[in-house]
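Chemist: below is the structure, and that's it, no one-letter string:
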Ligand code: DAT
Ligand code: MG
């Protein structure tokens, strides 16, 4: 698989605890390059749209509340197999099930407040990147 891009979010639990640099160190140590990065406050509309696929799930309201509860850092990551690689570096959704060395194992507080988002497919990565970045915001 050639060079690829994925979309990442450092969630409000990461900005609240001032660990965005520590998380970025794990990302970079894994060989992923941060080619776009911006710190924003997500609006309710942005969060609802971003997680639309989960809107029927019982945790949807909680998820939108959390994602709008503080600043987030949106990122474009680039590297070999970036989508799958970042999912591996993040670890399982539930930090209790995440493998040693993963971001969620090291830093996440709960399944709801799990420090990072990463795209689950190359197609979704393109859609998610386009929701938050223009080409001018990305420098590879
Ligand atoms: P992932 O973020 O690993 O792709 P997902 O797409 O299934 O996981 O869910 C999106 C987010 O929704 C997840 O990061 C945290 C929240 N979430 C998922 N399952 C949950 C649950 N059982 N209880 C509370 N929040 C949950
Ligand atoms: Mg997901």
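Modeler: Cool, the structure landed. Predicted model only: the values in this text are computed from it and were never measured. Ligands and ions are numbered 1, 2, ... in the order given.
Chemist: hey, let's count contacts and neighbours off CA atoms from now on
Modeler: OK.
Chemist: buried stuff in stretch 44-56?
Modeler: Across stretch 44-56, burial judged by 16 or more other Cα atoms under 10 Å covers 46, 47, 48, 50.
Chemist: equivalent analysis for stretch 104-116, please.
Modeler: Those would be 104, 105, 106, 107, 108, 109, 112, 113, 114, 115, 116, for stretch 104-116 by 16+ other Cα under 10 Å.
Chemist: also near ligand 1: which of the residues you listed, exactly?
Modeler: Contacts with ligand 1 within those, counted by Cα under 6 Å from any ligand atom: residue 112.
Chemist: which two in the buried residues of stretch 104-116 are spaced the farthest apart?
Modeler: The two members of those with the most space between them (Cα to Cα) are 106 and 112, at 15.3 Å.
Chemist: any chance of the buried residues of stretch 104-116 in JSON lines, plus secondary structure and pLDDT?
Modeler: Shown next, in JSON lines, are the buried residues of stretch 104-116 (DSSP: H, G, I helix; E, B strand; the rest coil; pLDDT from 0 to 100):
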{"residue": "104", "secondary structure": "helix", "pLDDT": "98"}
{"residue": "105", "secondary structure": "helix", "pLDDT": "98"}
{"residue": "106", "secondary structure": "helix", "pLDDT": "98"}
{"residue": "107", "secondary structure": "helix", "pLDDT": "98"}
{"residue": "108", "secondary structure": "coil", "pLDDT": "98"}
{"residue": "109", "secondary structure": "coil", "pLDDT": "94"}
{"residue": "112", "secondary structure": "coil", "pLDDT": "97"}
{"residue": "113", "secondary structure": "coil", "pLDDT": "98"}
{"residue": "114", "secondary structure": "coil", "pLDDT": "98"}
{"residue": "115", "secondary structure": "coil", "pLDDT": "99"}
{"residue": "116", "secondary structure": "strand", "pLDDT": "99"}
